[in-house]
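In: turn this into a model:
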Amino acid sequence: MVAKNKKSKKSKKEEHDLDKLSCLPDSILSYILSFLDTKSAIRTSLLSKRYKLLWTLTPSLDFVLSESETVYPNSYNDVVPPEHAKDPSIFFFQLYVNRILRLREHSNLTSFRLSLYKDVGMELLEKCMDYAAKHKVQDFRIRGYVKNQPVVLPELLLTSSSLTNLHLHNATPYSIRLPKSVLLPNLKFLHLKKFQFSDNNFNGGLFSGCPNLESLVLSRCSIRPRDEVKVLNLNFSNLVNLVIKCWRSPWICFNEHAINVNAPKLAFFKYQGHLARVNFNDSLLFLERACIELCYPTACTIVNLSERKQELAECFLSMLRYMCNVEFLSLSMKTIEVLSALPDLRERSHTMFENLRLIKFTAENKYREKTLSIKTVMQLLENAATDVLISDGSKKKKPSPGYSKVKTNKKDDAKHIAVPVHVMYFLLENSPSAEFLSVEIPKISPSQA
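Out: Model (predicted):
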C-alpha cells in the first residue's frame with residue numbers, strides 16, 4: 001500500500017512538472033527543442049496535444065544518415081521502397097527529410113546540419129542547401145556524400161548576410177565543389193575538410209570574401225600538384241584562431257607549396273600532422289597559445305628518413321621564430337623528436353620567447369599529467385647522467401635523472417618520457433619567463449608491459 005502511494009505521488013509530481021513546462025510560451029519551448037536533434041524533437045509530439053506540432057517551430061534541423069543505417073525511420077513501415085532502390089535506408093531517409101522540410105513552419109533557422117555517410121543523390125543535397133539559404137541559416141554544416149558529380153553551393157548561401165558559421169566536409173574527394181568566390185560579410189567561423197585547392201576552384205576569392213572571419217580550420221586539405229596555384233594566401237585582419245590539421249600535399253611539393261598567413265590579431269594557432277611550409281607575414285604580437293603536433297614517415301624506403309627529419313626540423317624552426325610572443329607552447333613528443341634531429345640546436349640564432357610562461361609536452365594515449373617548476377627541471381638537467389632527461393611516469397615523487405638507471409614498473413600503467421637534453425636547453429634558455437613544464441605521461445601499451 002505504501003509503495004502504491006509513493007508511485008501515485010511520483011506520478012502526480014511528474015504530471016505537475018509537465019504541466020508547468022507546458023505553460024511556457026511556444027517560443028521558449030521551441031528554443032528548448034532546438035538543443036535536441038531533429039529525431040528527438042519530433043518524438044516529443046507524443047507527450048500531449050500541445051506538443052504535436054511544436055517541433056515544427058524549432059529553429060534547428062539536424063539530419064544524419066549513418067553508414068550502418070538499415071531502416072530509416074520506423075514510421076514508414078507501410079511504405080514499400082521501389083524495386084530500383086538499392087538501399088532502402090536511403091529511400092526512407094529521403095522521405096523523412098522531405099516530409100520535415102514540408103511540415104516545418106517557414107521561420108528562419110539558427111542551425112542546419114546534414115551529415116551523410118551514404119550517397120543520397122544531388123537532388124536532396126541541393127534541396128537542403130536551398131532550404132537553409134532561403135531560411136537565412138546562421139550555422140550551416142554539411143557532410144556531403146556524392147559519387148558522380150559534385151554539388152554546387154547555391155548563390156543565395158554564398159552571399160548570405162545571416163551566415164556566421166560554415167562547415168563544409170567532403171566525404172568523397174569531390175562531393176562539394178569548392179566555391180571560387182563568396183560574399184559573406186558576417187561569417188565568423190569557417191571549417192573546410194578534405195578540399196583540394198586547384199586552378200579550377202581557387203583564386204583567393206574564397207577567403208577575401210570573408211572580411212570578418214575570426215576562426216579558420218583547414219582539415220585534410222591540400223594544393224593540387226602540378227597546378228599554377230602554389231601558395232595559399234590567408235589574409236584576415238580579424239582572424240583569432242587558426243587550425244591546420246593533416247595537410248595532404250605530397251612530399252614532392254614540400255619546397256614549392258606554402259601557406260602564407262597574414263593575421264595580425266591571431267591569438268591561437270594549432271598545427272597537426274605532416275609539416276607544410278607555413279609562413280607568417282610578421283611576428284604574431286597577440287599570440288597566446290600555440291599547439292604543434294608534428295608527424296613524419298617512419299617506414300618509407302624511398303627516402304633517407306634522417307635527412308627528411310632534419311629538413312622538417314629546419315622548416316619548423318623557421319616557423320617557430322614567428323611565435324616569439326607566445327605565452328603557452330604545447331609540443332607533441334613527435335615534435336620533440338623532429339627538433340632533436342638538429343644536434344646544433346642550441347647554437348642556432350633564434351628569437352627569445354619573452355612571454356612564454358608554460359611549456360607542455362603532449363603524448364598520445366595520455367595516462368596522467370605531471371607539472372614541474374622550471375627550477376626543478378633545470379636541476380634535473382644539471383644532474384642528468386646521459387643525454388636524455390627522463391620524466392618518470394611512476395608514482396614516485398622525483399623523476400629519475402639517468403636513463404640507464406630507470407627500471408620499468410610493470411605494475412604501473414604509465415611509461416617514461418625521454419626528452420633530449422639539447423632540446424630542453426634550447427627551450428628553457430630561450431624562455432626567460434617560463435614558470436612551469438607540464439608533461440603528459442602516456443599509458444603503456446600491452447606490447448611494452
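
In: now for H274, how many residues are close by?
Out: 17 (other C-beta atoms under 10 Å). For every residue, glycine as well, the C-beta is placed using N, CA and C.

In: and M378, by the same measure?
Out: 15.

In: mean confidence score for the helix or strand harbouring it?
Out: Under the criterion of DSSP states H and E, M378 resides in helix 374-382. What helix 374-382 shows for mean pLDDT is 87.

In: who are the packing partners of that helix?
Out: Contact here means 3 or more C-beta pairs under 8 Å, 6 or more residues apart in numbering; DSSP states H and E; on that basis helix 374-382 packs against strand 388-391, helix 421-429, strand 436-442.

In: how about 7 Å then?
Out: If you count contacts as 3 or more C-beta pairs under 7 Å, 6 or more residues apart in numbering; DSSP states H and E, helix 374-382 packs onto helix 421-429, strand 436-442.

In: E364: which of these is closest?
Out: Closest approach to E364 among the helices and strands packed on helix 374-382 is made by strand 436-442 (6.0 Å; C-beta to C-beta).

In: partners of that closest one in the sheet?
Out: Strand pairing for strand 436-442, using DSSP bridges, gives strand 358-362 (parallel), strand 366-373 (antiparallel).

In: and the angle from the last one to helix 374-382?
Out: Following axes from the mean of the first three to the mean of the last three C-alpha atoms, to 10 degrees, one obtains 100 degrees for the angle between strand 366-373 and helix 374-382.

In: buried set for strand 366-373?
Out: With burial defined by 16 or more other C-beta atoms under 10 Å, the residues of strand 366-373 counted as buried are K370, L372.

In: mind exporting it as PDB, just the C-alpha atoms?
Out: Only the C-alpha atoms of strand 366-373 are listed here, as PDB (Å, rounded to 0.1, in the frame of the first residue of the first chain):
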ATOM      1  CA  LYS A 366      47.600  10.100 -22.100                       C
ATOM      2  CA  TYR A 367      47.600   8.400 -18.700                       C
ATOM      3  CA  ARG A 368      48.400  11.200 -16.400                       C
ATOM      4  CA  GLU A 369      49.900  14.600 -16.400                       C
ATOM      5  CA  LYS A 370      52.800  16.000 -14.300                       C
ATOM      6  CA  THR A 371      53.700  19.600 -13.800                       C
ATOM      7  CA  LEU A 372      57.200  20.700 -12.700                       C
ATOM      8  CA  SER A 373      58.600  24.100 -11.900                       C
END
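
In: which residues touch the spatially closest residue to E67 that is not a sequence neighbour?
Out: The shortest distance from E67 to any non-neighbouring residue, by C-beta to C-beta, 6 or more residues apart in numbering, is to Y117 (4.0 Å). The contact partners of Y117, taken as C-beta atoms under 7 Å, 6 or more residues apart in numbering, are L65, S66, E67, Y145, A171.

In: change it to 8 Å
Out: By C-beta atoms under 8 Å, 6 or more residues apart in numbering, Y117 lies in contact with L65, S66, E67, E69, R143, Y145, A171.

In: may I have the beta-bridge partners of the nearest residue to K366 once chain neighbours are set aside?
Out: Distance criterion C-beta to C-beta, 6+ apart; nearest residue to K366, sequence neighbours excluded, is E440 at 4.6 Å. Beta-bridge partners for E440, by DSSP bridges, are E369.

In: for E440, what are its contacts?
Out: Per C-beta under 8 Å, 6+ apart, neighbours of E440: K360, F361, T362, A363, K366, R368, E369.
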